[in-house]
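In: No letters, just coordinates:
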């Protein structure tokens, strides 16, 4: 599938030092001019093989190695019922490893929609120098670009900063759902979900009775866990903004209606996001 040789390297953080010329000139010893920089100010990021610096990052910067991401994407593709006949995979690495872009096209599942023949495609890009955050989508596209514009139907998306909330398991779950949609595994039902409107009130009612359901220990009555419900609704709103709206060109919270598909994606994201939501168990909503 993808070119593993292109991502066959690791990166690591390393401490930074400042150079004090005056101190060096007064002592004549070069080590006396090196001053340690606090990790709270920043840390360096470099390749472990060449020791080439790629960026200065924060202490909280979360390293996701490229080969881990590529392995996960390939696992989701192999696990799906996709027909890979004629599939094309492109692995683009820029800046000696600073940036990664993955692209895949699955022509065996092309669809005629109106006057256009749309091709199922997967896009994902990330970076080690923070120029690109984790950003990917799967859908039927004529044309796609990473500033949030596309021509076609986007089925799922992922977008996260490096310092917060990116979870490979969640990404793989969303990717797997989208690939099953494309391959026709339950496709008719999923297509109905995509066009079945769900208002925010309906989503709140749905999540309150399922994933956010909680029994109060004092009253012994069932009522929604507000923190969990808030997380679910925030994800629901983000799904609607990116899948049914204008993505980054639309402000958060502008839509009062989404779809059953975006509700399903919100539930999937919550139930698989175990690393960043401590104590969350794997659950099935449907």
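Out: Done, it's in. Because the structure is predicted, anything quoted here is derived from the model rather than measured.

In: Return the residues in contact with residue 86.
Out: By CB atoms under 8 Å, 6 or more residues apart in numbering, the contact set of residue 86 is 107, 108. Every C-beta, even on glycine, is put in place using the N, C-alpha and C of the backbone.

In: and it, what element?
Out: Under the criterion DSSP states H and E, no helix or strand holds residue 86.

In: What pLDDT is listed against it?
Out: Predicted confidence (pLDDT) for residue 86: 94.

In: next one: the one 10 residues further on
Out: pLDDT for residue 96: 93.

In: so it, which of the three states?
Out: helix (DSSP: H, G, I helix; E, B strand; the rest coil).

In: quick one: residue 261 and residue 194 touch, right?
Out: Yes - using CB atoms under 8 Å, residue 261 is in contact with residue 194, at 4.3 Å.

In: between those two, which one's more packed in?
Out: residue 261 (24 against 17; other CB atoms under 10 Å).

In: ok, now how distant is the more buried one from residue 54?
Out: The gap separating residue 261 from residue 54 is 38 Å, by CB to CB, to the nearest Å.

In: And residue 240, by the same measure?
Out: 35 Å.

In: for residue 177, same thing?
Out: The value you get for residue 177 to residue 54, if CB to CB is used, is 33 Å.

In: since we're on residue 211, how many residues are nearby?
Out: Residue 211 has 22 nearby residues by other CB under 10 Å.

In: where does it fall, phi/psi-wise?
Out: phi -70, psi -30 (degrees, to the nearest 10).

In: Local confidence estimate at it?
Out: Looking at residue 211, the pLDDT reads 88.

In: I'd assumed residue 228 was in contact with it.
Out: Yes - the criterion here is CB under 8 Å, and residue 211 meets it with residue 228 at 6.7 Å.

In: Show me what counts as buried in stretch 25-45.
Out: 33, 42, 43, 44, 45 (16 or more other CB atoms under 10 Å).

In: pLDDT (mean, whole number) over it?
Out: The model assigns stretch 25-45 a mean pLDDT of 81.

In: right, and residue 237 touches residue 253 too?
Out: Yes - at 5.8 Å, residue 237 counts as touching residue 253 under the criterion of CB under 8 Å.

In: When these two are compared, which one has more neighbours?
Out: Between residue 237 and residue 253, counting by other CB under 10 Å, residue 237 is the more crowded of the two (21 against 13).

In: Poorly predicted segments of the stretch 151-286 of the chain, please.
Out: The model of the stretch 151-286 of the chain has pLDDT under 70 over residues 151-169, 171-172, 184-191, 269-286.

In: residue ranges of the strands in it, please?
Out: 197-199, 213-215, 222-224, 257-259 (DSSP state E, counting those that start in this stretch).

In: Quick check: which of the ones you listed is buried the most?
Out: strand 257-259 (a mean of 20; mean count of other CB atoms under 10 Å).
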